[in-house]
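Participant: Sequence and predicted structure below; questions after.
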Amino acid sequence: MTNETAKASYLISKVPLDALREPFYEGSVQRLYAIPGEPDYMVTETTAGGSVFDVGTIFSIEGSDVARAVFRHVLYTALGKREMWQEVKSAVESADGLDGSIRKLLLEDTIDKLTASGAVTHHCGMVDAQSGEVMHDGLPENESAFNIVRRYKIEKPELSSFLRHSVYDYSKFKSLDRNVVPLECIVRFGITSGSSVFRKYLKLSDVQRRSFEKELGSDGELQAWQYLATPIVDFTSKYEPEDRAVTKQEALNMSGLDAGAFSEMGKLAVLGGWAVRVLVEKMGLQLWDLKWEFARDGEDLVFVDTIDTDSFRATSILNDGDDRFIVHYNKQAMRDYYGIAHADWLAAVDDAKRDARADGVPFVEVLRDRQAAGAVPEDPQVDSEFLAVQVEKMNLIKDCILGHRDGEDVTQALEDCGQREVAFYTRGQWRDALREINGIG
């Protein structure tokens, strides 16, 4: 199915809003709704709630539901258009220091198809908040937190055993179609101090580090806040109890794809990442990493992930006195807030995870039992001043991608947000802690 065929498959012009009352799935940051008479489609609702450290919804950023839904709609609409990929192609052609062999791979075959007809995605449009009318291109008169996407099957690997060990059987994925590939594909344009690969890297011996660098595809040693001339790709499992980092060979075996399609998926992931990079660089931000999910649909690989400001890491650098700080414009800002301002609570979360893993029970149950007994802190309330800064960041990004404010204006306004955030930590006597995790030399 080409992207033109995908566009022709848009069958829904209006959604009855009363159908959006009872979700068939409710997660910490998203709800899913069935559409009467349309089994191949569903409505996704982005919520204003936020979840960090897998604890569930413990904070809310006002307006972030609509802002993130708008970002998804604008991005996925752009991915379906040739013009977006022409920009990506130009960016790859002119990228300084990009490995020549990787540049050649990215500029052959796949990019030609994308610049000819756009990418195939699961996205179908945004629902008008008042009328229920669906806009497939452009924004509805009344923006909403509701987007329509095509549905793909979620198939999970079978749990099996090898002697005394548990293993997962992925063999059935080779014969499946119209299913989500059971992998998260992570594209890294740089290495952040808190990334999972960097934390793992620091624990390895020198010999192990050389092997790990080779597996990642890195050109050398990994360093915190190091931007890479050549992006790297790694994979984690998607439908096992915990996300598990896997080698590229294991990822191929798990995917159910042949080697050619698997390689195509890798190129789509990097090129799709570059599309997001093009968008955020227009507002003065630097993209570090993001993750994609794909579905297999006949001959096509389909972008199906929920990409918004919570699912990628974009930052700027703030000069403040003698210090230089990384400022986050996604959920990492909230993770850092809890780690700095409520370190005792985060320590309790980590203890619950460790003990639950040993006992084989859900860690949230352990945490809640301990909280009920008064043994550990309750989930903390987010400071209103800090939260207001996060609301403004989200609204500025939304205004920029909608074209309501130009990039230079938004870049300056986002820098002002960063200054207010650093000032908040300074007044709270947490500047040293902030410098430790987000300070750069």
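Facilitator: Now that the structure is in, tell me what you want to look at. Numbers count the residues shown, from 1 in each chain.
Participant: can you give me the strands in the stretch 301-441 of the chain?
Facilitator: Here the stretch 301-441 of the chain has its strands, by DSSP state E, counting those that start in this stretch, at 312-320, 323-328.
Participant: Given the longest one, what are its sheet partners and their directions?
Facilitator: Sheet partners assigned to strand 312-320 using DSSP bridges are listed as strand 286-292 (antiparallel), strand 323-328 (antiparallel).
Participant: ok, and for that strand, which residues are buried?
Facilitator: Within strand 312-320, the residues scored as buried using 16 or more other C-beta atoms under 10 Å are F312, R313, A314, T315, S316, L318, D320. Any C-beta I mention is one placed from the backbone N, CA and C, and that applies to glycine too.
Participant: just to revisit the earlier point, as JSON lines, the strands of the stretch 301-441 of the chain with distance to R335 and mean pLDDT would be great.
Facilitator: As requested, the strands of the stretch 301-441 of the chain are arranged in JSON lines below (distance: least, C-beta to C-beta, whole Å; pLDDT from 0 to 100):
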{"stretch": "strand 312-320", "distance to R335": "11", "mean pLDDT": "93"}
{"stretch": "strand 323-328", "distance to R335": "8", "mean pLDDT": "95"}
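Participant: nearest to L279, of the ones you listed?
Facilitator: Each of the strands of the stretch 301-441 of the chain has some distance to L279 by C-beta to C-beta; the shortest is strand 312-320, at 9.4 Å.
Participant: And A129, how far from T411?
Facilitator: 29 Å (C-beta to C-beta, to the nearest Å).
Participant: which of these two has more neighbours?
Facilitator: A count of neighbours by other C-beta atoms under 10 Å puts T411 above the other of A129 and T411, at 18 against 15.
Participant: Give me the spatial nearest neighbour of that one, chain neighbours excluded.
Facilitator: Nearest residue to T411, sequence neighbours excluded (C-beta to C-beta, 6 or more residues apart in numbering): G284, at 3.1 Å.
Participant: Look at that neighbour and report its pLDDT.
Facilitator: Note on G284: pLDDT of 92.
Participant: so where does it fall, helix or strand?
Facilitator: If you go by DSSP states H and E, G284 is not part of any helix or strand.
Participant: How about P23?
Facilitator: Applying DSSP H and E, one finds P23 in no helix or strand.
Participant: any weak-confidence spans in the stretch 1-150 of the chain?
Facilitator: Scanning the stretch 1-150 of the chain for pLDDT under 70 picks out 1-10.
Participant: how about the strands of it, start to end?
Facilitator: Using DSSP E, counting those that start in this stretch, strands in the stretch 1-150 of the chain cover 25-26, 30-35, 38-46, 49-51, 57-60, 123-127, 134-135, 146-150.
Participant: Kindly check the end-to-end length of stretch 200-209 for me.
Facilitator: Counting by C-alpha to C-alpha, to the nearest Å, you get 9 Å between the two ends of stretch 200-209.
Participant: Return the set of buried residues in that stretch.
Facilitator: Buried residues in stretch 200-209 (16+ other C-beta under 10 Å): Y201, R209.
Participant: Can you give the contact residues for that stretch?
Facilitator: F212, E221, L222, A245 (C-beta atoms under 8 Å, 6 or more residues apart in numbering).
Participant: go again using 7 Å as the cut-off
Facilitator: Under the contact criterion C-beta atoms under 7 Å, 6 or more residues apart in numbering, stretch 200-209 has outside partners F212, L222.
Participant: And this structure, split by domain according to the record?
Facilitator: For the chain, automatic domain parsing gives the domain ranges 3-80+119-150, 155-307, 343-372.
Participant: between those, which gets nearest to K398?
Facilitator: domain 3-80+119-150 (4.1 Å).
Participant: what residue lies at the spatial centre of the chain?
Facilitator: S311 (2.2 Å; C-alpha atoms, centre = their mean).
Participant: isn't that one right up against L287?
Facilitator: No: the criterion here is C-beta atoms under 7 Å, and S311 misses it with L287 at 11.7 Å.
Participant: how close does V207 sit to D219?
Facilitator: Distance from V207 to D219, by C-beta to C-beta: 18 Å.
Participant: how about R188, what does it touch?
Facilitator: With contact taken as C-beta under 7 Å, 6+ apart, R188 is in contact with L228, P231, I232, D289.
Participant: For those, give me TSV that also has secondary structure.
Facilitator: Below are the contacts of R188 laid out as TSV (DSSP: H, G, I helix; E, B strand; the rest coil):
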residue	secondary structure
L228	strand
P231	strand
I232	strand
D289	strand
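Participant: circling back: tell me which of the strands of the stretch 1-150 of the chain sits nearest to A91.
Facilitator: So among the strands of the stretch 1-150 of the chain, strand 123-127 is nearest, using C-beta to C-beta, at 22.1 Å.
Participant: Burial check on E22, number of neighbours?
Facilitator: 10.
Participant: what's the closest non-adjacent residue to it?
Facilitator: Distances taken as C-beta to C-beta, 6+ apart place Y33 nearest to E22, at 7.5 Å, with adjacent residues excluded.
Participant: Any idea how far apart the tips of stretch 221-228 sit?
Facilitator: Note: stretch 221-228 ends 11 Å apart using C-alpha to C-alpha.
Participant: what's the answer for stretch 173-181, then?
Facilitator: Distance across stretch 173-181, first residue to last, is 8 Å (C-alpha to C-alpha).
Participant: Would you mind listing the buried residues in that stretch?
Facilitator: Buried residues in stretch 173-181, counted by 16+ other C-beta under 10 Å: F173, N179, V180, V181.
Participant: what's the farthest-apart pair in those?
Facilitator: Once C-beta to C-beta is applied, the buried residues of stretch 173-181 give F173 and V180 as the farthest pair, at 10.1 Å.
Participant: for Y227, helix, strand, or coil?
Facilitator: Here Y227 is recorded as strand under three-state DSSP.
Participant: Name all residues that make contact with the nearest residue to it once chain neighbours are set aside.
Facilitator: In space, and not counting its chain neighbours, Y227 is closest to G190: 4.2 Å by C-beta to C-beta, 6+ apart. Going by C-beta under 7 Å, 6+ apart, G190 touches Q226, Y227, L228, W288.
Participant: For those, give me TSV that also has neighbour count and pLDDT.
Facilitator: Converted to TSV, the contacts of G190 look like this (neighbours: other C-beta atoms under 10 Å; pLDDT from 0 to 100):
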residue	neighbour count	pLDDT
Q226	15	90
Y227	12	92
L228	20	92
W288	25	95
